[in-house]
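Q: Below are the sequence and a predicted model; questions follow.
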Amino acid sequence: MEFMLDTANLENITQGLEIYPIIGVTTNPSILKKEGKVDFFEHLAQIRSIIGPERSLHVQVVSQDAKHIIMEAEKIRYRLGENTFVKVPVTENGLKAIKFLATENFHITATAVYTTIQGMLAMLAGVRYIACYYNRMLNCDIDASRVIHELSSLLWASHGDCQIMAASFKNINEITTAFSNGASCCTVPYELLETGLSNPSIANAVHDFDTDWVAIHGDSKIYDL
Ligand code: E4P
């Protein structure tokens, strides 16, 4: 089970890494737009320096024809390093590019996946992650859990090196449902992880334990005893 941060915000990434078990960062043009008019490669290099060499960084292409998708993937790998995952939308042109990039040993994340057939084709074309757009699927009345369940049950076809990365989350229930239906990775906005720990019952439980401790031990803590 893996969590990634679906953000390009440097502060959120820095803080997120301190608190949560994060193994990578995913971006797309809309996520980067939220950071304003930043220099594309400079900003992504900053993210890489924050997350270090071991965590994965996923960067999306913007061209829509195979030749230019491949050129962008080459530039991304050249500027950001071999270990960068290139995100390619699963369109006809995207799939054509994915097939070629796989033969060149690129790390590829298939993105904009709404259907099982998209994921199956991407898997067989050689991607390492399939980014299934959970909330966007629900918005189109597509059964996101079913798509994730079906794709995760087909992973044997990828010879073990492909994973289902669920993405596009708007609430915690979508995340836990994606995992329980077979996603091995969820990429989530920082704010949603905060929400996951912000249930008032958690704070109330901690407060009650503290009150009971103070009733017996006063201001002393365990490290004072
Ligand atoms: C990540 O790979 C996706 O690009 C992202 O989660 C999409 O999120 P959105 O549907 O909130 O734009």
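A: Looks like it came in fine. Numbers count the residues shown, from 1 in each chain.
Q: Show me which residues of this structure are close to the ligand?
A: 6, 26, 28, 30, 111, 131, 133, 135, 136, 167, 168, 187 (C-beta under 6 Å from any ligand atom). Quick note: C-beta positions are derived from backbone N, CA and C, even for glycine.
Q: check contacts around the residue most central in space within the chain.
A: Nearest to the geometric centre of the chain sits residue 187, at 2.6 Å (C-alpha atoms, centre = their mean). Contacts were defined as C-beta atoms under 8 Å, 6 or more residues apart in numbering; by that measure residue 187 touches 3, 4, 5, 6, 24, 26, 58, 131, 165, 166, 167.
Q: Which single one of these is nearest to the ligand?
A: residue 167 (3.3 Å; C-beta to the nearest ligand atom).
Q: Which members of the residues of the chain next to the ligand are positioned in helices?
A: Using DSSP state H, the members of those that fall in helices are 30, 135, 136.
Q: Those into a markdown table, with extra columns for pLDDT?
A: Formatted as a markdown table, those follow (pLDDT from 0 to 100):
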| residue | pLDDT |
| --- | --- |
| 30 | 98 |
| 135 | 98 |
| 136 | 98 |
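Q: so which of the residues you listed is the most crowded?
A: Sorting these by how many neighbours each has (other C-beta atoms under 10 Å) puts residue 136 first, at 17 neighbours.
Q: What's the per-residue pLDDT of the residue nearest to the centre of the chain here?
A: What the model reports for residue 187 is a pLDDT of 98.
Q: change the start of the numbering to 108 and stick with it
A: Renumbered: residue one is now 108, and that last one reads residue 294.
Q: Bridging across strands, which residues link to it?
A: residue 111 (DSSP bridges).
Q: any idea how far it lies from residue 276?
A: Here the distance between residue 294 and residue 276 works out to 8 Å (C-beta to C-beta, to the nearest Å).
Q: Pull out the buried residues from stretch 247-264.
A: Of the residues in stretch 247-264, 249, 251, 252, 254, 255, 256, 257, 258, 259, 261, 262 count as buried by neighbour count, 16 or more other C-beta atoms under 10 Å.
Q: Need the mean per-residue confidence for the lengthiest strand in the chain.
A: Longest strand in the chain by number of residues (criterion: DSSP state E): strand 214-220. Averaging pLDDT along strand 214-220 gives 98.
Q: Point out where this structure drops to low pLDDT.
A: Counting by pLDDT under 70, not a single residue of the chain qualifies.
Q: can you give me the offset of the longest helix along it from its chain's centre?
A: The longest helix of the chain (DSSP H) is helix 307-324. Helix 307-324 sits 35 Å away from the centroid of its parent chain (C-alpha atoms, centre = their mean, to the nearest Å).
Q: can you list contacts of it?
A: In contact with helix 307-324 (C-beta under 8 Å, 6+ apart) are residues residue 332.
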